[in-house]
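I'll drop the sequence and a predicted model, then ask my questions.
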Amino acid sequence: MSNRDYDVITIGAGYTGLMTSALLARDGKKVCCLEMNDHVGGICSNAHEWPGYTHNRGAWYMMFLQIGWLWEALDLKKYGLELHHPPCGGVIIPEKGRTPFLLYHDRK
């Protein structure tokens, strides 16, 4: 396909690029979203930086963003999106059978 086959070409498939592309596609635009990395999602993606553990690169930050209107506009709950607030400052989720690594704001 050539670039003439698209109405919009989005550079970057981080969460803002993906949300922009999704909103444009929802409104009937033909969108091509390009990403230079081998994964999409940017700060809202998972990494396997330590053997046996899955770590989010920053999805925890989503709970602080005021983007509820975007989630509603894309009807993301319909696709299974759920936002869970962890009881601590951060969680690294391990493979089955291993203990989670928890980061707390204080030691109480």
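That came through fine.

in the chain, which helix is the longest?
helix 15-26 (DSSP state H).

what's the mean pLDDT across the very next helix or strand once past that one?
Remark: after helix 15-26, the chain's next helix or strand is strand 31-34, criterion DSSP states H and E. Averaging pLDDT along strand 31-34 yields 96.

who touches strand 31-34?
Residues from elsewhere that reach strand 31-34 (C-beta atoms under 8 Å, 6 or more residues apart in numbering): 1, 3, 5-13, 17-18, 21, 24-25. Heads up, the C-betas are built off the backbone N, CA and C, glycines and all.

ditto for stretch 8-28
Here stretch 8-28 has contacts from 3, 7, 29-35, 37, 40-44, 62, 67, 70, 73-74, using C-beta under 8 Å, 6+ apart.

so what's the residue count around residue 10?
By other C-beta atoms under 10 Å, 20 other residues sit near residue 10.

would you mind measuring from it to residue 46?
To residue 46, residue 10 is 22 Å away according to C-beta to C-beta, to the nearest Å.

backbone dihedrals for the residue nearest to residue 7 when sequence neighbours are not counted, please?
Once flanking residues are discounted, residue 7 sits nearest to residue 29: 4.2 Å by C-beta to C-beta, 6 or more residues apart in numbering. Per-residue torsions, residue 29: phi -80, psi 150 (degrees, to the nearest 10).

from residue 42, how far off is residue 29?
Taking C-beta to C-beta, one finds residue 29 at 21 Å from residue 42.

please say which of these two ends up with more neighbours.
Under the neighbour definition other C-beta under 10 Å, residue 29 and residue 42 were set side by side, and residue 42 has more, 17 against 12.

for the more buried one, what are its contacts?
By C-beta under 8 Å, 6+ apart, the contact set of residue 42 is 12-17, 57.

now those residues: which count as buried?
Among these, those classed as buried by neighbour count (16 or more other C-beta atoms under 10 Å) are 12-15, 17, 57.

ok, the contacts of residue 42 vs residue 97, which is closest?
residue 57 (23.8 Å; C-beta to C-beta).

are any of the contacts of stretch 8-28 buried, and which?
Among those, those buried by neighbour count (16+ other C-beta under 10 Å) are 31, 33, 35, 41-42, 44, 70, 74.
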